[in-house]
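In: here are the coordinates; sequence isn't available:
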C-alpha cells in the first residue's frame, strides 16, 4: 500500500466519521472501496496496514446520525476487512462485527428503511463469506430469514443482491457439506471451483454440528424455493419472478448432487407454473428451463417445448407426437398477439442451440427446422401460399406475426445460426430466393434488410458449392442491390455497401472446373458490377456510407492485388479519388477508411511471393507517401494511428530479418527471450540498412513517426514512440554504446531527415535543444560524454528557424529519451488525478470547503 | 386494476445517468440509456442484468426512447445494443441521431486515452447502433406496434431534445427532460397523461436567477478582458457551448468589443454544423434571427490553433497570468483536474511529480441547461397529468419540489431500483347500437350525456379489436347464434288421497286463490301452467295417495318457480274441492 496514502487515511477516516452530510461527489466512496478491494486482493491485510479502519468502523457504527451513504460504505468496508479469518476474529473480539451486521440495530435507528443500508448489509456479508468462520457467523445469527425476506424487497437492487447472496450461501454450504460428507478432497475442490469466488479456500475443522447447520441452510433455501414458486395470489407474482431468477442462477451454477436435488424439489412447481400460463413469467420460466436442460432427458423435453410454437404456426410436423392438451394450451397462448410474438421469438432464439445437441435428442432433422424458419419468414411477409397449416385456429395464430419486424429479425438471426447445421445446404436456393424477396420488399425495415444481407453472406460462406444458384437468382440479386444502393435511408445504403464488401471476402467454389473465386464474382459478376456502385457511393452525403464504400472497394480489389494483376485505368482513378477524400473529406470515418485501404493494399503486396509488377508499385509507393504525409497531419486521432500502422508496415518491409528488428512492442519482449533464428537470416549489412533508412526518410516514414511522437493524442504518441524505439534498435542500438555505434555505423549516422520550422518539427527541435543543453551542462561538470555531434545537431536544429535544417536520424533517435517517454505514455492519461492518493486529497479538500462554506462558492452537482 | 410501473435504473434521486424503465399496458419501455461519467469501468453503464440475466434484452423491451444527445442520456446505447444484446427499435429525434455519434466517438477517444479500460464499444458498434435508430419528427405519432404509440414534442434544453408522449390504449406517460430558457416556446397537448415524468435538476432555482447568472458571467468575462487578461471557459456539454457562444457573440456585438474569441475543439465545430443544419429545430427566437443571419455563423468566434496561446493581449482562451480567469460552466467529476479546481485546490500535481500553482481566478457558474421549478409547474399546467414523477435531481432538492407539487398532484420520486406503481383507471371506449339507445329512450331514459354516466344493459360483443354494446337479439343475429332455453325442474312430494286429475284440479284452484293477477291455466293435456311454469302430477306405484308433482320453469321465472315449489311443499289446504 502506498505510504503517502496510508498517511492521509487517518484524516480521511476522521472526516468521514464526522461529516453529517454525504460527500458532494457520490462516486468518491465507491472509488475508496475500490481501492480497499484492490489492496485486499493484492494480499495486504487492511487492518494491519491501516489500523485506523477498526476505530473508524466502530465509531461510525455507533453514530447512527451519520449520512446513510457513509453508513452503507462502512457496512461494505467491514465485510471487506473481515475477508480474512484473522481480521474477522479481531473484529469479532472487539465486538464490532456483531453490531455492524445486527439488523435490529439498524431497524431501531430507523435506518433499515433506506435501501442503501440494506444493500450495504447484504454486500458486506457477501464479501465476508469467504471462510467457514463467516459462514458459521451467518448460520448462528440466523441471517437466512431476513435474507429470504429481502429477496422480495421493493428495491430491485436489494432484491437482486439478496438473490446473489442466497446463491452464494447455498453454494458455500454445499461445498462445505460435501467436503465433510464425502471426505474426498477432490470432490470438494471440484465443487468449490464451480462457485468461483470460494475456489481457493479450504474449510478446515468442520464439526458434525456445524455440518448439520449447513445442511439445514440448504434445506431451508430449497424448501423456500419450492413453496414460493407458484403464486397463490396475483400479488405474489413478483415473488415468483424473484424465485425463478434465483432458480435460474442456481441451476446454472450448482452441480450434482445439489443440482439434482434442487431440480427434484422444484420440478412439480415448475410444471404447475407452466400450465398456469402467467404471461409475465414466461421469459424467466424459459430461462429456468434452459438452465435445467443440461442432461439428456431434459434436453429432449425442452427441445419439444421450444419447437412447439414453430410447429403450430408453420403447420410443419416438427414434432411427430404432441399431447393434445399441451398443443391446445399453446394455441390458446399464441392467439394473443403480444404473447405469440414473444413466444415465437424465444423459440427462434434458442432453436440453433437445440440443433447443436445430439441428433437422437432432436425431434426432427435440422433441415426441417430450416424449412420451418423459412416458412415463418414467408408468413411474416404475408405470404400464406406455402403454409401447410390447415386448422383455422392455426391460421389465426399465423396472422399475429404478419409484418412483425421483431419476429423477422429473430427468424433471420436463427437462419444465420442454422446455416452451419449438418445437411442444410440443400436449402440454399430456397434461402437465397427468400432473402432476395426480403431485400426487394418495400416494407422491409432497415434493420431487417441489414440482417437479410448478413444472412446471405453467411449462407454463402458456409455453402461453398454454389451450383444450385440459378441465373435468375443472380439477376434478381443484382437488381435489388442496385436498387438498395440508392435507397433514401443511409442505413440501407450503408448495409448494401457493407454487403458488397463482405461478399467479396467470401471465397466459394463454382461448379465449372472447381474454380475458386469470391462470392461477389459468383453472385454479382465481381468488380465490373460492384466497383461502379461503390465508386458512386464515395460521393454519398453520409460519411458512414463513404467509409463503408472505401472498405468495400479494398475488399473487392484484394483479389486482384494478391494475384498481382496489372494496374487498370479505373484503379488509378480510384486511388486519386481516395487521396482526394483523405485531404478533403470533413468526416473522420472516410479518412480512416482511406488509410486502411492503403494498409490492405500494401500488406497484400508484401504477402504474395512473386515480385510486384512495376506498374502497380509505381502507383502504390507515391500514394503511400502522400498518405503518410497527409495522414500524420490529420486532425482525427484514428487517422493518425492508422497512418502509423502504415508506417509500421513499411518499417517491417524494410527491416524484417535485420538484426535488432522486433515486430510489435519492443518493451514486451523479455531481455533474455530467445530470438528465433529466422530473424537472423539476413546478414547484417550496413549498406542495406543505409539504403532502407534512406528510403524510409524519403517516403516520409520518419517524419510521420516524429510528428506522431509529439502528438497530443496519447494513443498516437504511444504508437509512434514504440515504432521509433524499434527503428532505433535497428539503425543505432543503444546497447552498442555511442562510440561503437558511430564507428560501426558511420554511414548510417549520415542519413538525415528534415525538420521544418513549424508544428511538430518545432516541438522536436525544442526537445533536442533541451537535451543538448543538458548534455553541455553534463560536460561542464566533467562527465565524459562524447556527444559533440549531438550537441551540434540539437543547437543547429533549435536555432535554425529560417531554412529547413537536416538532422541525423540516429542523433534524433538517441537524443529523444524515448524510453522515458514510453514510460509516461503507457500510463493512463488520468493516472495522476484518478489515483487513490488524489481521491483521498479530494475528499479532504471537499470536506474543508464544506466546513467553511463562506470562503468557497457552492459547487452544485448539476449533472455528470 | 391495471397499473403503470416506473423503475429508474439511473437518475432516481440522483444526477448520474438516466435510464428509466416504464411498464405500461403490458409494454416495457426504456427511457434514455445514459452513461455515468464518474466511473471508468462497467459501473458507468446501467446494470441491465436487473432486467434480464441472459442478456437478451430484446425479449423484454419493446422500445428504447432517447430524449436528447447528452452522454448521460445516450452514452450506454452502443453498449446496450451491440455488447449486451438489444435488437429492438430505438427512437430519437433527427438532430439527436445526427449529433449522438459525434459525442459517442469523442467519448470513445477519451476512453482509449485512459489505459486499462476494457469492455468499451468500437466505432463500428456505434455505427451499427445508430443504424437501429428510428428517427422521430416532432408531433408525428409513431406506431411502435399495434398497441404502443409515441409522439415527440419540442423540449428546448438542447438541439433536438424532446418530450415524449407514450400511449398504450387509454393509458399514457409523458417523459421530458427539463427545459432551458428557450423552452418557454415549448408546448405540449393537454394530453392528461397518467404520469408526467420530469427531470428536476434545478428544482429549487427560479428562472430569473438564470438571467442574473448570465449577466454575472458576461461581467466577469468583461472584467478580465478589460484588465488585459484572458479567460478560459472549458465547456464540455454540447448545447451549453452553443448557448454561451450566442451569449458572447451578442455581447461582443453590443459592446463593440475587439478581443478575439477562440473556439478550440473540432467537436463543437462539427456540432455547430448540425445546429446550422437543423435550424428549424431550434426555438422561435433563434429562428427569427435566422432571417437576418444564421445565429450559428459567428462573426467574433474563430477556430483556435495551439500557437495562438502565446499571443499577447486579451482573448478568450490562452496562456494565463494572474489577471486571467477560468470560468467553469458546469460540474466536473472526481478524478479530473476540473474537479480539483472546482474544489478550490490551488496546487495541482502534474505528470512526473511536478506541481502547478493555480494562479488565475476560478469561477463556477452552473450553466447546465435544465429547467427550474417554475418551468416544471408550467409544464404540469399544460399537460394536466394525473400523477407526477420526478427524476434526475438531488434527493433533497427533489423533496422541495415534491412538496410544492403535492399540493395539487400525487408526486413520486423513486430511488434507483425502486418501483413507483400507479394504478390507472382506464376507460374502455365502447360503441352502442342505435336500437339499444332508442329502446332505452323509449323506457324513459334521457339523452346520452357525457357528464352524467349511467348504467346500460345489453350484450357486449368483442369483434375485430372493437367493443360493441347491443341488444341480445341483435347480438344473436350478428353472431348467427340460436337462443338457448334454460329450464329448471323440481319434484315435490305430496300426500293427497285423490285421483291424479283431481289433485291437479285442486292445485289449480289453490293457486288461483293464492296468486292473483297471474295467468293460470289448466290445460287439456293434464298440466297446469302459471306463466312459464308447468306442473304435472303422478302418483307412486306403491302408495296411490303419495303424489309426485313435477315442476318446471324457465330461468326468467326463477323467483316465481321457487315460490311455487315452497308453496306446494306445504301441502294443499283441506277445504279445496
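Out: Nice, thanks for sending it over. Just so it is clear, the structure is predicted and the values come from calculations on it, not from any experiment.
In: what's the average pLDDT for stretch B:113-121?
Out: When the per-residue pLDDT values of stretch B:113-121 are averaged, the result is 71.
In: residues near the residue of the stretch 351-500 of chain A found nearest chain B, how many?
Out: As assessed by CB to the nearest CB, chain B sits closest to residue A:491 within the stretch 351-500 of chain A, at 4.3 Å. Where you see a C-beta, it was placed from the backbone N, CA and C, and this is true even at glycine. Applying other CB atoms under 10 Å in any protein chain shown, we find 24 other residues in the vicinity of residue A:491.
In: which secondary structure element contains it?
Out: Assignment of secondary structure by DSSP states H and E places residue A:491 within helix A:490-504.
In: before we move on, back to that, the residue of the stretch 351-500 of chain A closest to chain B reaches residue A:446, doesn't it?
Out: Yes: here residue A:491 lies in contact with residue A:446, judged by CB atoms under 8 Å, at a distance of 4.2 Å.
In: Can you give me every residue that contacts the residue of the stretch 351-500 of chain B found nearest chain A?
Out: Evaluated by CB to the nearest CB, the stretch 351-500 of chain B has residue B:417 as its residue closest to chain A, separated by 3.5 Å. Residues counted as contacts of residue B:417 (CB atoms under 8 Å, 6 or more residues apart in numbering or on different chains) are A:115, A:155, A:156, A:157, A:158, B:7, B:8, B:9, B:12, B:50.
In: ok so, going back, mutual contacts of residue A:491 and residue A:446, please.
Out: Each of residue B:131 lies in contact with both residue A:491 and residue A:446 under the rule CB under 8 Å, 6+ apart.
In: Please report how far residue A:694 lies from residue A:772.
Out: Taken as CB to CB, to the nearest Å, the spacing of residue A:694 relative to residue A:772 amounts to 25 Å.
In: So which residues of the stretch 251-400 of chain B form strands?
Out: Ranges of strands in the stretch 251-400 of chain B, per DSSP state E, counting those that start in this stretch, are B:261-263, B:301-303, B:315-316, B:325-328, B:347-349, B:355-357, B:361-364, B:387-391.
In: Chain A too?
Out: Counting by DSSP state E, residue ranges of the strands within chain A are A:507-509, A:516-518, A:752-754, A:806-808.
In: Chain B is nearest to which of these?
Out: When these are compared by CB to the nearest CB, strand A:752-754 sits nearest chain B, at 20.2 Å.
In: Which strands or helices does that closest one pack on?
Out: Helices and strands in packing contact with strand A:752-754 are listed as helix A:701-709, strand A:806-808, helix A:809-815; criterion 3 or more CB pairs under 8 Å, 6 or more residues apart in numbering or on different chains; DSSP states H and E.
In: try 6 Å
Out: strand A:806-808 (3 or more CB pairs under 6 Å, 6 or more residues apart in numbering or on different chains; DSSP states H and E).
In: Give the partner strands of the strand it packs on in its sheet and their orientations.
Out: strand A:752-754 (antiparallel) (DSSP bridges).
In: now the strand it pairs with: how far from the chain's centre is it?
Out: 42 Å (CA atoms, centre = their mean, to the nearest Å).
In: cool, stretch A:339-353 as well?
Out: For stretch A:339-353, the distance from its own C-alpha centre to the chain's C-alpha centre is 26 Å (CA atoms, centre = their mean).
In: what does it contact?
Out: Applying CB atoms under 6 Å, 6 or more residues apart in numbering or on different chains, the external contacts of stretch A:339-353 come out as A:279, A:286, A:306, A:309-310, A:333-334, A:400, A:404, A:406-407, A:410-411, A:414, A:417-418.
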